[in-house]
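*Asks:* this is a predicted model, with the sequence first.
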Amino acid sequence: MFNVKTLQEVKEIILKHGENYPLKKQMVRTLESKGYILSKDIYALEDVPLFNRSTVDGYACKYDDIKLASESTPAILSIRGEVHMGKEYKDTLQHNQAIIVPTGGQIPSGSDVSVMIENTELLDDSVLIFKKASKYENIILKSADIKIGDLLIEKGHKITSRTIGALMSQNIKEIECYMPLSATIISSGDELALDKDELSIGEVRDINTYTIKETLKNHNIAIDKAVIIRDRFEDYKETVLQAFESSDIVFASGASSVGEKDYTIHVLQDIGAEILVHGLNIKPGKPTIVAKHQNKYFIGLPGHPTSAYIVLSMLIDTLIESIYKTAHIEDYYIEGVLQSNVHNNSGRMFIQLVHYEKGEIHPLHYKSSMIHTLTVANGYIIVPATSEGIYQGETIKVYKLGD
C-alpha cells in the first residue's frame, strides 16, 4: 500500500539523504564547462577593472578644478592629450588640465572625475565645463568589480554562460568540476513494443525512455544505458542491480504502483534498498518511489508518460541540489490569467498542464497516459490539495517544465 507524502515532504527527504554521494572530479576547459558543477571554490587572480575607467565619453580632470563649474561660470581647462582604447596613458594630469577619454578608456593618473562631453564645449585648445561633478563621478575604480583574492565562484555552482565570462575575465582556462552524473533508465511492461514498425492490438511504443533521457541530458546527466524489460521479477531485479553497479542514479518508469506485476517496490526490498518514499500526494503522479541503495538514488516514476514527465520535472532540481549541494534552486514561474476553470476533487495536489501565451493560461485537458499534451504544454499550474479548484479570470503562477 502507498504511504503518500506531500511534494514538499518528498523534496525534504531527498535533500536530507544526499550526503556523501560517490562523486568523481575532473578538469574541464572553461569554454566547454557550461552545465558542469564546480567542485572547488575559485578565487580571483586579477583585479577587474585593472585600472580606473571612464563610463562616459568626455574629459578626465581634477575635481578641485571643476567643483564650482556652472552654466554662467564654466571651468576652463587646457586639453593635455587623449586616451586611446587599449593603450596606457603614462603621463600624470596637472591642475587646470583635461584629457579626452572614451567610454571604457583609462582614467589617467592625477584625474579623479570624468565629465560627460554633453556638459562641455570646445574652445580652441581648451574645453569649457558647464556643470560640476562629484569626485569619481563617471569612473569605475580599479578592482571595484573584482579584487585579487576575492571568492569569485563557490563550490557547487552550476556553470552558465555568465560564469564562463567571469572565469575568462580572470584568464582561468581550466577548472575542477564534478564529473557529470550517470544514469540508467529502465522502462518496464509486457505491452511495450521493441523496434516494431507496426503494432499489434495491446502493444504500445515506448515513450518514457525518450522523455526521461532528454530531460536528464538537459541537466547534464549522462545516460549509461536505457533498457526495456518485461514484467518478470528476476529480470527486473538483475537489471536494477546492474544499474546500481554502473550508474550514479537509476530511473525506472512503470511497475511502481501496487498491482500484481508492479514489482519495483518488491525488487528494492529484496536487494535491501532503503525505501524513502512510496507514494506522492499529487495528481497525476501518485505511484512515485524514492529509494537508496549503495548510497545511490533510485527514482521510480509512474508508467503513464505525462505522469512520469511531470514527476521528473518537479524532482530533478531537488535531486541535483541534494547530490551536489548546489545553491537552492527556486521554482521558476511567471504569472498569467486563467482562461477556464480548473477543478480538483482528488484530495491531492493537482498538477494541471497548461499552454501559456501572452499572459493567458490555457488548461490542457488530458489523461496521464496521453502523450500529445506534452507537445503542446509549456508549463503547469498547481491546485492545492485543500482547494476544489481555480476559477477562470484568476491571476496565478505558471511553473516551468523540466526541460
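*Replies:* That came through fine.

*Asks:* state the number of residues packed around the residue nearest to G303 when sequence neighbours are not counted.
*Replies:* Closest residue in space to G303, ignoring its immediate chain neighbours: G254 at 3.5 Å, by C-beta to C-beta, 6 or more residues apart in numbering. To be clear about C-beta, it is placed using only N, CA and C from the backbone, and glycine gets the same treatment. The number of residues packed near G254 is 27, by other C-beta atoms under 10 Å.

*Asks:* wait, G254 sits on E191?
*Replies:* No - at 9.4 Å, G254 does not count as touching E191 under the criterion of C-beta atoms under 8 Å.

*Asks:* and I310, what does it touch?
*Replies:* I282, P284, G285, I351, L353, Y380 (C-beta atoms under 8 Å, 6 or more residues apart in numbering).

*Asks:* ok, now with 6 Å
*Replies:* By C-beta atoms under 6 Å, 6 or more residues apart in numbering, the contact list for I310 reads G285, I351.

*Asks:* ramachandran coordinates for it?
*Replies:* Note on I310: backbone dihedrals following degrees, to the nearest 10 are phi -60, psi -50.

*Asks:* any idea how far it lies from D64?
*Replies:* Noted for I310: a distance of 66 Å to D64, by C-beta to C-beta, to the nearest Å.

*Asks:* go on, T239?
*Replies:* Taking C-beta to C-beta, one finds T239 at 79 Å from D64.

*Asks:* so for those two, which sits in the more crowded spot?
*Replies:* T239 (21 against 12).

*Asks:* can I assume the more buried one sits in a helix?
*Replies:* Yes - in this structure, T239 lies within a helix as judged by DSSP: H, G, I helix; E, B strand; the rest coil.

*Asks:* surely it meets R230?
*Replies:* No - contact status for T239 versus R230: not in contact, 10.3 Å apart, counting by C-beta atoms under 6 Å.

*Asks:* any regions of this structure where pLDDT drops low?
*Replies:* 1, 194, 255-262, 328-331, 366-372, 402-403 (pLDDT under 70).

*Asks:* flag every buried residue along the helix or strand hosting L15.
*Replies:* Element membership of L15, judged by DSSP states H and E, is helix 7-16. By neighbour count on 16 or more other C-beta atoms under 10 Å, the buried set for helix 7-16 is L7, V10, K11, I14, L15.

*Asks:* tell me the contacts of the last one?
*Replies:* If I follow you right, that is L15. L15 touches S322, counting by C-beta under 6 Å, 6+ apart.

*Asks:* quick one: D57 from K142, how far?
*Replies:* For D57, the distance to K142 - C-beta to C-beta - is 20 Å.

*Asks:* doesn't L312 lie inside a strand?
*Replies:* No - read with three-state DSSP, L312 is helix and lies in no strand.

*Asks:* how much space separates it from I396?
*Replies:* 23 Å.

*Asks:* next one: E32 from I175, what distance?
*Replies:* In terms of C-beta to C-beta, E32 sits 10 Å off from I175.

*Asks:* for T306, give me phi and psi.
*Replies:* The phi/psi pair for T306 (degrees, to the nearest 10) is phi -70, psi -40.

*Asks:* that one and T209, how far apart?
*Replies:* 15 Å.
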